[in-house]
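Visitor: Sequence first, predicted model second:
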Amino acid sequence: MNLLFKRVNNNKYNLIVQTMGSFVVSLDAELAWGYHRYSDDPSERIGSGRDGWFHLIDLFDQYQIPATWAVVGHLFHTACGGHHPDHPVPEGWFENDPGGTESRNGDWFGNEVIEAVRTADVDHEIGCHSYSHVVFGAPETRSETAAAELRACKQLAKQQDIKLNSFTFPRNEVGHLDILADHDFVAYRSPNPPGWFEQTPLSKPAKLVNMLTRFRRAPLMTPTIKREGLVAIPASLHLFTFEGAVRRVASPVASQPVVDIAKKTIDAATRKDGVFHLWFHPHAVSTQANVDRVRSILSYARERSDSIDFRTMGEIARERLTAESGEQ
């Protein structure tokens, strides 16, 4: 919300309250760790994943838009032996971890790319995406494991004078919020509300119809304070949600439907309160087509910067907590 003063006559001014929303981008910055339990060779799944980080840093600098980079904690290591015997995870959890150094195994270590985020022209937020991509919401994930994941991330980040305030859950499966609060986090990304096409038995055809329906937009979200004192910031849109066969079928009719959805949601945020929360993985932005997709959205948001706020997850959470304390 902005306060503006409009001149009327006789040098008098009327106060105008201009309603506007916020644009938040959160990134699950994980490199190979996002796939290490789901692929025999995680490196093959992400290709030139590090390139995506540098493409995004350049784009965010160009359009002066900050983001929350939720980093897998192991990426803070400069080197490791590939074994973490004191970390309470299921047997074999680290069997794909090659160890070594960042120069030899850059998909598993990320100090160089994290430092590039820290020294960017834009003031990004570095958040947390667990230490080794443990799924917090999985029934088999114990409290002891969740606590160890967060403790390891906090210790590694502290060594680089980074305070982790925001969290995104691996696989977007929320769990152990009490432990998140115990480790002084203030914000987390909660999952997208299910689309209408996800609530029908014919979800794939319905998803295609949704993609081709140009007038649709993503929802503007309202951050809420949970009983643990954490601020939940729901996701609005996954940038690469319409992929694979669905995108191939739609491409002759609508080559960039998700970009159209994002632009319409930005338009909505210029007219009303609420948060447009866009999220994706940096390693997805390693092709020119996907770089151009991000560029289109950031450029459009920048053009409307007089009517929309750019925020990180941490900033949104602090504003919400401040407003709550003022209301009490």
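Guide: Received the coordinates, thanks.

Visitor: looking at it, Phe23 is touching Arg311, isn't it?
Guide: Yes - contact criterion Cβ atoms under 8 Å: Phe23 and Arg311 qualify, at 7.2 Å. C-beta here means a position set from N, CA and C on the backbone, and glycine is covered the same way.

Visitor: Restricting to C-alpha, output stretch 144-164 in PDB.
Guide: The C-alpha trace of stretch 144-164 is given here as PDB (Å, rounded to 0.1, in the frame of the first residue of the first chain):
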ATOM      1  CA  GLU A 144      15.700 -35.900  15.100                       C
ATOM      2  CA  THR A 145      16.400 -35.800  11.400                       C
ATOM      3  CA  ALA A 146      14.600 -32.600  10.700                       C
ATOM      4  CA  ALA A 147      16.400 -30.900  13.600                       C
ATOM      5  CA  ALA A 148      19.800 -32.200  12.400                       C
ATOM      6  CA  GLU A 149      19.100 -30.900   8.900                       C
ATOM      7  CA  LEU A 150      18.300 -27.400  10.200                       C
ATOM      8  CA  ARG A 151      21.100 -27.300  12.700                       C
ATOM      9  CA  ALA A 152      23.700 -28.200  10.000                       C
ATOM     10  CA  CYS A 153      22.400 -25.500   7.700                       C
ATOM     11  CA  LYS A 154      22.400 -22.800  10.400                       C
ATOM     12  CA  GLN A 155      26.000 -23.700  11.400                       C
ATOM     13  CA  LEU A 156      27.300 -23.600   7.800                       C
ATOM     14  CA  ALA A 157      25.600 -20.400   7.000                       C
ATOM     15  CA  LYS A 158      26.800 -18.700  10.200                       C
ATOM     16  CA  GLN A 159      30.400 -19.400   9.200                       C
ATOM     17  CA  GLN A 160      29.700 -17.100   6.200                       C
ATOM     18  CA  ASP A 161      27.800 -14.500   8.300                       C
ATOM     19  CA  ILE A 162      24.500 -15.500   6.800                       C
ATOM     20  CA  LYS A 163      21.400 -15.600   8.900                       C
ATOM     21  CA  LEU A 164      18.800 -18.000   7.500                       C
END
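
Visitor: List of residues touching that stretch?
Guide: 73, 76-77, 87-89, 114, 118, 126-128, 130-132, 134, 136, 175-176, 179-180, 182-185 (Cβ atoms under 8 Å, 6 or more residues apart in numbering).

Visitor: gap between Phe280 and Cys128?
Guide: 17 Å (Cβ to Cβ, to the nearest Å).

Visitor: let me redo that: Ala232
Guide: On the measure of Cβ to Cβ, Ala232 and Cys128 end up 15 Å apart.

Visitor: Among Phe280 and Cys128, which residue is more densely surrounded?
Guide: More neighbours surround Cys128 than the other of Phe280 and Cys128, with 27 against 22 (other Cβ atoms under 10 Å).

Visitor: My guess is the more buried one contacts Val186. True?
Guide: No - counting by Cβ under 8 Å, Cys128 stays clear of Val186, with 11.4 Å between them.

Visitor: can you count the residues close to Arg104?
Guide: Around Arg104 there are 11 residues (other Cβ under 10 Å).

Visitor: just the one 5 residues further on next, same as before
Guide: Other residues near Phe109 number 25, with proximity taken as other Cβ under 10 Å.

Visitor: Repeat that for Asp273.
Guide: The burial count for Asp273: 12, using other Cβ under 10 Å.

Visitor: Kindly report the same for Gln288.
Guide: Gln288, neighbours per other Cβ under 10 Å, totals 9.

Visitor: Also Asn290?
Guide: Asn290, neighbours per other Cβ under 10 Å, totals 17.

Visitor: State the phi and psi torsions of it.
Guide: Note on Asn290: backbone dihedrals following degrees, to the nearest 10 are phi -80, psi -30.

Visitor: Look at Phe23 and Arg311 and report which has more neighbours.
Guide: Phe23 (27 against 23).

Visitor: what about that one, which SS state?
Guide: strand (DSSP: H, G, I helix; E, B strand; the rest coil).

Visitor: how far away is Leu150 from Ser132?
Guide: 11 Å.

Visitor: hmm, I was thinking of Leu220
Guide: In this view, Leu220 and Ser132 are 34 Å apart by Cβ to Cβ.

Visitor: Same check on Thr241?
Guide: Thr241 is 25 Å from Ser132, by Cβ to Cβ.
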